[in-house]
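Participant: just to be clear, the model below is a prediction. Sequence and coordinates:
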Amino acid sequence: MAVQVVTGNHAAGYALSVAGEANRKARGVACGIYPITPQTEIVEYVAGFPFSKGRVVPVESEHSAMAVSMGASISGARAFTASSSNGLAYMAENIMVAGYYRLPIVMVAVNRTLGPPWNIWADQGDTLMLRDFAWLQFYCEDNQEVLDTTLLAFRLAENRRILLPALICMDAFIVSHTQTETVLPEQNEVDAFLPELDLPHRLHYNEARTLGGLAWPHEGLSMRLEIDEAMKRVPDVYQECRESFLEVFGRDPGDVIQMFATDDAEMVVIATGTVATTAREVVRRRRKAGEKIGLVKLKMFRPFPAAALRDACQSATHLAVLDRNYAAGSGGIFWQETRAAFQGYRDDVLIQNYLAGLCGGDVTPAVIDEVLADLGSRSEAGEPVWMGIEAGEETLQ
Amino acid sequence: MTAMRASGQLRERPTIPCTEDCLLRPGNTNCGGCGMSVGLTMLGRALRDAGDTCTLVIPACCGIVTAGAFPTTSYGVPTVATTFASSPAVASGIATIRDLNGEPGQVICWAGDGGTYDIGMATLSAAAERNENVIYICYDNEIYGNTGGQRSSATPAGARTTTTPWGKIEGKKDIMSIIAAHRIPYAATLSIAHPDDFAEKLSTALSIQGMRFLLLHSPCPTGWKSEPEDSIELVRLAVASGLFPLYEIYDGASYRISVQPDGTDPAEYYHRQRRFEDQHIDLDATRRTCSDRMRRLQSLADQFPAHKRHLS
């Protein structure tokens, strides 16, 4: 195990590569790759990795990158890819198919603003656009978490009780291009953590099975129900994978929902990714001043950990949901999900949405302080609040 | 196709043996006179004769509807459905893992002209450029048949389709020239009216490694508004008149015409299909096009001759 100073992209590329290599004694690994800023370094890393039994296929589009990975996965090999922003939008059709095919593909996504206007900075609208596909989704705040969650995702996705693809997300540049000390596990440790893939529904060259043809409504319905049941098993299987990870690597990859100072908190900030890092520091400072403020970091978004989120906010009367994304005509997507999680369980909680850091805007401690000031002054929730709009600034009428 | 029941228990997975010699099983629901069905049967025979097997990779098209509804299938070989534009890319992944594991059998894309000439063009071009170890067969019925008969870039000039109700203005895309420009090891055209030629070319394709492209002229009575019993005769006329020449291209460089047109007038081909209306067809221009096409091909075959070969 070596500590190195690497970028988030390097950490992701390393994790994908050693996970692929760990399947060398089984059916190997293959993936399609295609560049897009800011994830390009990930696929460059993968392309340079000396796989013992694998092939990296540089294709002509994101759509085909996922298609090649699906072909490999459906043949029982380990498969992955990486993408970002408009690349994910272009890939979307095949992302959906990978989920409904129950293929345990792992994809690292660097969250980048969807254009136009063209913008390469952080915004989660790209991966959240994929929220209704049958993929697990995790949002990470630093390089180590990206690496650990990517490795864990293979074991989780390939578990026979799950068999769903997984998306590992990180904020553009803030994580993808920032170098930090990161523990890079040795290949033999990864080998010990990741069992050889034995995909139960894979293609066999000598079995006449048709995958993905027509199905009548009752068959389609039962397949959707099976996905729902698999999604419901994720929290338990995640904990099993987390324990094994701790055992092999001596490091906790983190829970699906992470509480900080929530025990007696009256106001709780709900955040994801690097916004959670900043919010944690604000909460730490204001806790010292005696304020009853806590933070919940949502690491897992699909399946949505509704029960765990309610438990984490038991003492809270006010919730601030920070969204680095905007569903046009509605509001922040984490806010929508949070409201749905509380609806009918606890209707006495004020849940207010703050759109912060859209299109790559900085979410500084001062922004979090503004959010808390607004939240504390509220007796009822209102429309989503747009942060970062200067007073007096006018929009086009 | 999912692996599990809601209980988390794996479904029973009985072995379903392959039947290459009966690649398209009886009881399928394809239309009478469907050229694709005949093509699949001929493909199955070619595989049997070569002692080979295959995995079919089929994008959205009549070919995947052919399979029928889960959990039954009309295909006697492993078959994967892909999104419309993706079959060569999915096939690349499947062929890669086959080769990494030293497994036998061909990976064959079986796609219509919509998935080949149109939406899948970039994917096909990229797979050809990478020289993937895949056979790509386009059954070209010159129409989006599965969606009820819309124009594609394979539809010939003059043909009425639901999106060109007054006849298509533009001519048919010359996909063989595009494929030749990729310099893949083998490309050939096929006709169900010439089964021996079909079998020989399949045999050649099965003996070569790398990307192989086969274009099958596939009559569609529903879309062509022709009689099902005329299907084979129609594509025979297309070959005989030079509308759909039968030839091979090796490495994008050398050519061989495998069946010479016999001077048949293309008029009868047009008259026997109600997708063509006489007032929309310029037969003189068509005759000139056929003659120019054959002269061009013949000069390529003369200057850059390919000798029929079976590679080890």
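Facilitator: Sure thing, it's come through. Numbering: from 1, shown residues only, chains lettered A, B, ... in the order given.
Participant: burial count for residue 58?
Facilitator: Just going to use chain A. The number of residues packed near A:Pro58 is 14, by other Cβ atoms under 10 Å in any protein chain shown. Any C-beta I mention is one placed from the backbone N, CA and C, and that applies to glycine too.
Participant: wait, chain B
Facilitator: 28.
Participant: how near is the residue in the stretch 101-250 of chain B that chain A sits nearest to to A:Ile120?
Facilitator: Residue of the stretch 101-250 of chain B nearest chain A, by Cβ to the nearest Cβ: B:Ala126 (3.7 Å). According to Cβ to Cβ, to the nearest Å, B:Ala126 stands 25 Å off from A:Ile120.
Participant: neighbour-wise, which of those two wins?
Facilitator: Between B:Ala126 and A:Ile120, counting by other Cβ under 10 Å, B:Ala126 is the more crowded of the two (22 against 16).
Participant: pLDDT wise, what is the more buried one at?
Facilitator: Model confidence at B:Ala126, given as pLDDT, is 98.
Participant: list the contacts of the spatially closest residue to it that is not a sequence neighbour.
Facilitator: In this structure, B:Ala126 finds its nearest non-sequential neighbour in A:Glu60, 3.7 Å apart by Cβ to Cβ, 6 or more residues apart in numbering or on different chains. A:Glu60 is in contact with A:Tyr34, B:Ala122, B:Thr123, B:Ser125, B:Ala126, counting by Cβ atoms under 8 Å, 6 or more residues apart in numbering or on different chains.
Participant: number of nearby residues for residue 38?
Facilitator: The chain I'm using is chain A. Neighbours of A:Pro38 (other Cβ under 10 Å): 24.
Participant: hmm, no, I was thinking of chain B.
Facilitator: Neighbour tally, B:Val38, other Cβ under 10 Å: 23.
Participant: what distance do you get for it to B:Lys225?
Facilitator: 19 Å.
Participant: quick one: what helix or strand has the residue in the stretch 51-200 of chain A positioned nearest to chain B in it?
Facilitator: Relative to chain B, the nearest point of the stretch 51-200 of chain A is A:Gly71 (2.2 Å; Cβ to the nearest Cβ). Assessed by DSSP states H and E, A:Gly71 sits inside helix A:62-74.
Participant: which strands and helices sit next to that helix?
Facilitator: strand A:29-33, strand A:80-84, helix A:85-100, helix B:87-100, helix B:121-129 (3 or more Cβ pairs under 8 Å, 6 or more residues apart in numbering or on different chains; DSSP states H and E).
Participant: dump that helix to PDB, restricted to CA.
Facilitator: C-alpha atoms of helix A:62-74 as PDB (Å, rounded to 0.1, in the frame of the first residue of the first chain):
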ATOM      1  CA  GLU A  62     -19.600   7.800 -25.500                       C
ATOM      2  CA  HIS A  63     -22.600   5.900 -26.800                       C
ATOM      3  CA  SER A  64     -20.300   3.200 -28.200                       C
ATOM      4  CA  ALA A  65     -18.000   3.300 -25.100                       C
ATOM      5  CA  MET A  66     -20.900   2.100 -23.000                       C
ATOM      6  CA  ALA A  67     -21.900  -0.400 -25.800                       C
ATOM      7  CA  VAL A  68     -18.400  -2.000 -25.900                       C
ATOM      8  CA  SER A  69     -18.500  -2.200 -22.100                       C
ATOM      9  CA  MET A  70     -21.900  -3.800 -22.300                       C
ATOM     10  CA  GLY A  71     -20.700  -6.400 -24.800                       C
ATOM     11  CA  ALA A  72     -17.800  -7.200 -22.500                       C
ATOM     12  CA  SER A  73     -20.000  -7.400 -19.400                       C
ATOM     13  CA  ILE A  74     -22.700  -9.500 -21.100                       C
END
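Participant: any idea how far it is from the middle of the chain?
Facilitator: Relative to its chain's centre, helix A:62-74 lies at 20 Å (Cα atoms, centre = their mean, to the nearest Å).
Participant: poorly predicted segments of the chain, please.
Facilitator: I'll assume chain A. Residue ranges of chain A with pLDDT under 70: A:391-397.
Participant: wrong chain, I was asking about chain B
Facilitator: Under the criterion pLDDT under 70, the flagged ranges of chain B are B:1-14, B:308-312.
Participant: kindly list the longest helix within it.
Facilitator: The longest helix of chain B (DSSP state H) is helix B:283-303.
Participant: starting at the chain centroid, how far to it?
Facilitator: How far helix B:283-303 lies from its chain's middle: 22 Å, per Cα atoms, centre = their mean.
Participant: for it, list every residue counted as buried.
Facilitator: For helix B:283-303, burial by neighbour count (16 or more other Cβ atoms under 10 Å in any protein chain shown) applies to B:Thr286, B:Thr289, B:Cys290, B:Arg293, B:Met294, B:Leu297, B:Leu300, B:Ala301.
Participant: please enumerate the helices of chain A.
Facilitator: Counting by DSSP H, the helices of chain A are A:8-21, A:40-47, A:62-74, A:85-100, A:125-128, A:143-158, A:187-193, A:217-249, A:273-288, A:306-312, A:333-342, A:365-376.
Participant: can you redo those as a markdown table with mean neighbour count?
Facilitator: A markdown table is the format used below for the helices of chain A (neighbours: other Cβ atoms under 10 Å in any protein chain shown):
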| stretch | mean neighbour count |
| --- | --- |
| helix A:8-21 | 27 |
| helix A:40-47 | 22 |
| helix A:62-74 | 31 |
| helix A:85-100 | 22 |
| helix A:125-128 | 26 |
| helix A:143-158 | 26 |
| helix A:187-193 | 17 |
| helix A:217-249 | 15 |
| helix A:273-288 | 20 |
| helix A:306-312 | 17 |
| helix A:333-342 | 20 |
| helix A:365-376 | 17 |
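Participant: wait, A:Ala172 touches A:Cys359, no?
Facilitator: No - applying Cβ atoms under 8 Å as the test, A:Ala172 and A:Cys359 come out as separate, 10.8 Å apart.
Participant: neighbour count: the two, which is higher?
Facilitator: Neighbours per residue, other Cβ under 10 Å: of A:Ala172 and A:Cys359, the larger number sits with A:Ala172, 27 against 17.
Participant: quick one: residues contacting the residue nearest the centre of chain A.
Facilitator: Nearest residue to the geometric centre of chain A (Cα atoms, centre = their mean): A:Phe138, 2.4 Å. Listed by Cβ under 8 Å, 6+ apart, the contact partners of A:Phe138 are A:Thr149, A:Ala153, A:Ala166, A:Leu167, A:Ile168, A:Cys169, A:Val256, A:Lys299, A:Met300, A:Phe301.
Participant: how does it look with 10 Å?
Facilitator: A:Phe138 makes contact with A:127, A:145-146, A:149-150, A:152-153, A:156, A:166-170, A:238, A:253-254, A:256, A:272, A:298-302, according to Cβ atoms under 10 Å, 6 or more residues apart in numbering or on different chains.
Participant: centre of the chain to stretch B:278-285, how far?
Facilitator: Using Cα atoms, centre = their mean, the distance from the centre of stretch B:278-285 to the centre of the chain it belongs to is 27 Å.
Participant: beta-bridge partners for B:Ala188, please?
Facilitator: Taking DSSP bridges as the rule, B:Ala188 bridges to B:Leu214, B:Glu248.
Participant: I figured it hits B:Tyr250, correct?
Facilitator: Yes - B:Ala188 is in contact with B:Tyr250 according to Cβ atoms under 10 Å; the separation is 9.3 Å.
Participant: give me the neighbour count for residue 123.
Facilitator: Just so you know, I chose chain A. By other Cβ under 10 Å, 24 other residues sit near A:Asp123.
Participant: not quite, go with chain B.
Facilitator: 32.
Participant: what of B:Ala89?
Facilitator: B:Ala89 - counted by other Cβ under 10 Å - has 36 other residues nearby.
Participant: who's in contact with it?
Facilitator: Shown in contact with B:Ala89 (Cβ under 10 Å, 6+ apart): A:32, A:57, A:59-61, A:63-71, A:94, B:57, B:82-83, B:109, B:120, B:122-124, B:126-127, B:130, B:132.
Participant: so what touches stretch A:85-92?
Facilitator: Under Cβ under 10 Å, 6+ apart, the answer for stretch A:85-92 is A:32, A:34-39, A:61-67, A:81-83, A:95, A:98, A:107, A:109-116, A:118-120, A:123, A:125-127, A:129-130, A:133, A:167, A:172.
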